[in-house]
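J.: what would the 3D arrangement of this be:
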Amino acid sequence: MRLDDLAPRIKDLKARKDNLQTRKWELEWQMKEGKLELADTATVMCYVQDLRDVLSNGSLAERKSFIKSFVKEVKVIGDKVLLDYTIPLPPIGLTV
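T.: Numbering: from 1, shown residues only. All right, here's what the predicted structure looks like:
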């Protein structure tokens, strides 16, 4: 595969990343202002299943990208591993 073949995909992924970053800032503002409602348990469980599917069936690149999207830091101390992460949630209005 040539670099020219990858350029459109890279451009699309960068645009998606920018959109997701903007949405993150919006959600952080809504949380700060107390204007964010949490999803019900059934919605969260469906979303968790979708995430599990990505991890089980996605390509290596998709799985790595997904994990990098919410894991901020991994620390190994002796025989313990500590993760600093955020829980990935679906965008408001998304039905799963």
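
J.: where is the longest helix in this protein?
T.: Residue-count comparison of every helix in the chain, with assignments taken from DSSP state H, identifies helix 3-32 as the longest.

J.: tell me the mean pLDDT over that one?
T.: The average of the pLDDT scores along helix 3-32 is 84.

J.: what is the helix or strand following that helix packed up against?
T.: As assigned by DSSP states H and E, the chain's next helix or strand after helix 3-32 is helix 41-57. With contacts defined as 3 or more C-beta pairs under 8 Å, 6 or more residues apart in numbering; DSSP states H and E, helix 41-57 has these neighbours: helix 60-70. All C-beta spots, glycine's among them, are computed from the backbone N, C-alpha and C.

J.: orientation of the helix it packs on relative to helix 3-32 in degrees?
T.: Helix 60-70 and helix 3-32 meet at an angle of 30 degrees, taking axes from the mean of the first three to the mean of the last three C-alpha atoms, to 10 degrees as the criterion.

J.: centre of the chain to helix 60-70, how far?
T.: 8 Å (C-alpha atoms, centre = their mean, to the nearest Å).

J.: contacts for that helix, please.
T.: Judged by C-beta atoms under 8 Å, 6 or more residues apart in numbering, the contacts made with helix 60-70 from elsewhere in the structure are Leu20, Leu51, Val54, Leu55, Gly58, Tyr85, Thr86, Ile87, Pro88.

J.: ok, then the element right after it?
T.: The helix or strand immediately downstream of helix 60-70 is strand 71-77, counting by DSSP H and E.

J.: which members of the contacts of helix 60-70 are the farthest-apart pair?
T.: When the contacts of helix 60-70 are compared pair by pair using C-beta to C-beta, the farthest-apart members prove to be Gly58 and Thr86, with a separation of 19.5 Å.

J.: looking at these two, which is more packed in?
T.: Neighbours per residue, other C-beta atoms under 10 Å: of Gly58 and Thr86, the larger number sits with Gly58, 14 against 10.

J.: also compute the angle for the helix or strand where Leu82 lies relative to helix 60-70, please.
T.: Taking DSSP H and E as the definition, one finds Leu82 inside strand 80-85. Orientation of strand 80-85 against helix 60-70 (the same axes, to 10 degrees) gives an angle of 80 degrees.
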